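Enquirer: okay, here's the prediction I keep looking at, along with the sequence it came from:
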Amino acid sequence: MQRDLYANSYADIIRRKRWVVAALSGFRGPVGSRPVAMVYGAFHVMERDESQEDMERAGPRVWRKSLDFNIWHKEEFQ
């Protein structure tokens, strides 16, 4: 799974990254409603920062960080 984060400052993007990694990394348990998926492990495996040149063309300065997670799961039909 990839999660892209955006913020107006580098400090904000780091705070958001820490929050997402803390919430997802190491997660185990059921998710969703029927059919329920059982997550056996979620692991933060990689991150990337968007180059400043590409973001400047999009308008006001925006910071972007992409986080990649491996998620081991199984759908459980109940």
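Expert: Here it is on my side, so go on. Residues are numbered from 1 along each chain as shown.

Enquirer: switch to C-alpha atoms for all contacts and neighbour counts from now on
Expert: OK.

Enquirer: my guess is Y40 contacts V31. True?
Expert: No. Between Y40 and V31 there is no contact under C-alpha atoms under 8 Å: 10.8 Å.

Enquirer: which element is K65 on?
Expert: Using DSSP states H and E, K65 falls within strand 63-76.

Enquirer: just the C-alpha atoms of that strand, please, in CSV.
Expert: The C-alpha coordinates for strand 63-76 follow below in CSV (Å, rounded to 0.1, in the frame of the first residue of the first chain):
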residue,chain,number,x,y,z
TRP,A,63,5.8,19.2,0.6
ARG,A,64,5.1,15.6,-0.4
LYS,A,65,6.2,12.3,1.1
SER,A,66,5.2,8.9,-0.2
LEU,A,67,5.2,6.0,2.3
ASP,A,68,5.1,2.3,1.2
PHE,A,69,3.8,-0.5,3.4
ASN,A,70,3.7,-4.2,3.0
ILE,A,71,0.4,-5.6,4.4
TRP,A,72,-0.1,-9.3,5.0
HIS,A,73,-3.8,-10.1,5.1
LYS,A,74,-6.5,-12.6,4.4
GLU,A,75,-10.1,-12.0,3.7
GLU,A,76,-12.4,-13.9,6.0
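
Enquirer: now do that strand: which elements does it pack against?
Expert: Using 3 or more C-alpha pairs under 8 Å, 6 or more residues apart in numbering; DSSP states H and E, the elements in contact with strand 63-76 are strand 2-7, helix 10-24, strand 36-49.

Enquirer: adjacent strands (with direction) for the last one?
Expert: According to DSSP bridges, strand 36-49 has the following sheet partners: strand 29-31 (antiparallel), strand 63-76 (antiparallel).
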